[in-house]
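> Sequence and predicted structure below; questions after.
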Amino acid sequence: MLLAHGKLLPDSARPQVLSRLREEIDATLAQKRLSPDLVVDALAALGDRVRAGEFDDLLSRYLPPGVTAGELLPLLSREFWEEKLRAELGEDPFAPKEQAETVTHRLPLGVLLHIAAGNQPGLPVYSALEGLLTGNINLLKLPHGDKGLSLAALSLLCQTQPALADFLYAFDLPSSHTQELQTLAGLADGVVTWGSDAAILAARQLAGPNCKLMEWGHRLSFAYLSGEDFPEEDLAALAEHILSTGGRLCSSCQIIYLDTADRAFMETFCEGFAPILGGMARRFESTRALSSLYGHTALLERVVTGKALGEKLFRDHGCSLIACEDPQLELSPMEGNVFVKCLPREQLLPVLRARKEYLQTAALLCPPRDRALLTDLLARAGVTRITRPGHMSAAFPGEAHDGEYPLARYTKLVDIER
Amino acid sequence: MLSRQRLFWMGRPYDLPRSDAAFLRACRDNAAYHIAHCPDYAAICDHFSFRPEDLKTMDDLARIPVLPTLFFKRHALFSMPEWRMAMKVTSSGTSGSFSRIGFDWGCILAEVPMVLRLGFAHHLVSPVPSNCVVLGYKPDRDNHTGVTRTMFGLTFFSPPLRRFYALRRENGAYVPDLDGVAKALEQCARSPFPTRIVGFPSYLWFGLKRMEELGLQVQLRPRSRIILAGGWKQHADAEVDKNVLYALARKVLGIPPDHVNELFGAVEHPIFYNACERHQFHVPIYGRILIRDPATLEPLPMGQVGLIDLISPLMTATPTLSVMTDDLGWLSPGEECSCGRKSPVLHILGRVGAAGITTCAAGASELLGQGEAF
């Protein structure tokens, strides 16, 4: 299926839609303009209908197990998008700005090609909404495995506000159809990619040398603990975060770094933290078997690669803490199995810089007197979010996305001499 | 590796106590072989301080280091060079990644008596030629999955007259042809010979539903059978109760429930598990099953739910002596089943964790085998 002109069409219509796309895009760019208010109104209206239960059947069919419509509702609220516009582009973002001799206008970038990985339900729609809010024409390559949620949501949006129809095209296009993807990329002023390194590299192959790349890659996050002892409620909050996210999110804690070079201190910390993690795991019984399976598999992998030598394992109720010798930032075995490593603050910057392209969130737990210094050090190393231990994956109003405001990137500034 | 052949050529396939000594001996030899020929396996045994001579009683089987199927998906382990193997087979890889498992010639030699003995015991073997409808993949040069080979092999229990495949490769992708299946079954009903339907239970369900929709009902010849293998896999959300499935098979095809054979096995543990007349999977002498505690991986007593550890000394090309699937299950005493077989019964409850785990942590999708380009 594909979406064009607000209508769902069979894949067989794709060649025809693609052949006319340039002409249609040119006509839309020449004649139409999308105001953010129109988009926000449409989203809010759709949100009201979802809240009223009108689409419960549809959502139960398309949403993956464990995801409820309630989790999507914040994305369908007026407040969310208005706050986002204000935070990222300032008050009255599209008003012309008077300069000494010119007037600066903020305009849409033009045409965005969104390549969204299928790792989060609703992600392709979210990406398209960011593009719509900034007035762009959006071409979506839907991820393999999108069972129809994106197409259903986008077509409903076009029904709610028919003016959006000319600004939205979605294609259920396999990654192997490079010719058609290149056609889409050739029409775009910018390519927005979400996904793994492989997905990002593949998208770079598609985009021409002058096409703007907006890449939201996968990231790694960690906790940094400094001091002699740590408040139990903070450790419990960290344990809850580790188990509730399963290490699967960009912002999930993969490693607990300790501001020390003393391995004995690290082992004492593990002895104390393992029961807290295990105790919390009793509240997440459904993932216990998965924790053990992942933990055991990762252990075998470290045994065959020789990494297990010199490390110490602390197990509790299916979870494990792996006290390592090296300080490198890496992916944990996930599902309640995390690494614990020594990283004295003097070595923090070089160690983190070695994986700078993956850095995202650091949860900082330290005495108040060190907070400003360590926050600054983490930011200098390349971390883009610094939170309290339990809030690593929390959403904060007005926060940037991996160090940038997407809406600013999806627009351009045009200077006009008076 | 004579101890292995001795085990697999033994009679009385459900008399576990009689085979215990032979099983233990074969496991000892198998572990020693892998330790000597696979450095990675030797490192694992060393890490867990396991030595083959530690296997003195059946309880000691729990001490064999258990390798999750997930581990084989991330690491290919072999204990012999490829030229000495009979074949290399992959798991079906429904989650995007697959295990690569080597089969040695001795393993194939040992499987023949096992499959024949159990084939006779479960009425699979018949001299009467039959029409075969395979609700699975058509074998293909590019398809190395174990389930495709198994289904093809299953068509030989009676002389196959012809084979119709429900999943056929078109432009590099497999497409189901349910209407073709319905038509083929109609033709089979007119044939003087019985029909054998071999395949995934999910496709049997979809096929039967499609026939019901089309208002088709046939009466296949009396000796016709349905042989189910491969689980529900990517159609887990459509899984239906066995009784509902069998009732529909009787209604649409005229095949009674006692002519439905269910099989279970894994590429990493290719033991020929057959469900009995009561549709229960008794453990045959060629394997042993332990249920391990989801929190500690320690063995659990009979009746408790945990991770399934499958043990068999069948393979020497890949160290699959003790493998753990990502299924949860439990064992019950064989005596509780009225079929008369005394060996324990394995109950499979399904996969651990939700299907289609989603992630945006760097490197995680590759680790979980979701390495799709985008």
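Perfect, I can see it now.
> What's the per-residue pLDDT of the closest residue to chain B within the stretch 51-200 of chain A here?
Nearest residue of the stretch 51-200 of chain A to chain B (CB to the nearest CB) works out as residue A:199 at 3.5 Å. For glycine as for every other residue, the C-beta is placed from the backbone atoms N, C-alpha and C. Per-residue confidence at residue A:199 stands at 87 (pLDDT).
> give me the number of residues near it?
25 (other CB atoms under 10 Å in any protein chain shown).
> That one and residue A:193 touch, don't they?
Yes. Using CB atoms under 8 Å, residue A:199 is in contact with residue A:193, at 6.1 Å.
> so where's chain B shaky on pLDDT?
B:92-97, B:144, B:171-172, B:231-239, B:353-359, B:364-374 (pLDDT under 70).
> again, only using 80
B:1, B:89-99, B:139-150, B:168-176, B:230-240, B:353-374 (pLDDT under 80).
> helix or strand for the most centrally placed residue in it, which one?
The residue lying closest to the centre of chain B (CA atoms, centre = their mean) is residue B:265, at 1.5 Å. Assigned by DSSP states H and E, residue B:265 belongs to strand B:260-266.
> all strands of the stretch 51-200 of chain A, in order?
Shown for the stretch 51-200 of chain A, the strands assigned by DSSP state E, counting those that start in this stretch span residues A:97-98, A:102-108, A:111-116, A:137-141, A:168-171, A:190-195.
> now the stretch 101-250 of chain B
Using DSSP E, counting those that start in this stretch, strands in the stretch 101-250 of chain B cover B:130-137, B:160-170, B:173-176, B:195-199, B:225-228.
> Residues contacting stretch B:16-26, please?
Stretch B:16-26 is contacted from outside by B:1, B:3-4, B:6-7, B:10, B:12, B:55-58, B:60-61, B:283, B:285, B:288, B:313, B:342-344, using CB atoms under 8 Å, 6 or more residues apart in numbering or on different chains.
> In strands, which of those residues fall?
residue B:288 (DSSP state E).
> when you check chain A, which of the contacts of stretch B:16-26 turn up near it?
The subset of the contacts of stretch B:16-26 within reach of chain A, by CB under 8 Å from any CB of the partner chain, is empty.
> Separate out the buried members of the contacts of stretch B:16-26.
B:1, B:3-4, B:7, B:10, B:55, B:61, B:283, B:285, B:288, B:313, B:343-344 (16 or more other CB atoms under 10 Å in any protein chain shown).
> taking those one by one, which sit in helices?
By the criterion of DSSP state H, membership of those in helices covers B:3, B:4, B:7.
> contacting residues around the second one?
In other words, residue B:4. Counting by CB under 8 Å, 6+ apart, residue B:4 touches B:26, B:29, B:30, B:106, B:110, B:313, B:314, B:316.
> Check the residues you listed against residue B:138 and report the nearest one.
Checking these against residue B:138 with CB to CB, the nearest one is residue B:314 at 27.3 Å.
> any idea what sits nearest the closest one, other than its immediate chain neighbours?
Closest residue in space to residue B:314, ignoring its immediate chain neighbours: residue B:107 at 5.5 Å, by CB to CB, 6 or more residues apart in numbering or on different chains.
> State the number of residues packed around that neighbour.
Residues near residue B:107, counting by other CB under 10 Å: 23.
> Ok, residue A:162 next?
11.
> Among the contacts of residue B:4, pick out the one closest to residue A:129, please.
For those, the nearest to residue A:129 is residue B:314 (54.5 Å; CB to CB).
> which one among the ones in helices among the buried ones among the contacts of stretch B:16-26 gets closest to residue B:142?
residue B:4 (31.6 Å).
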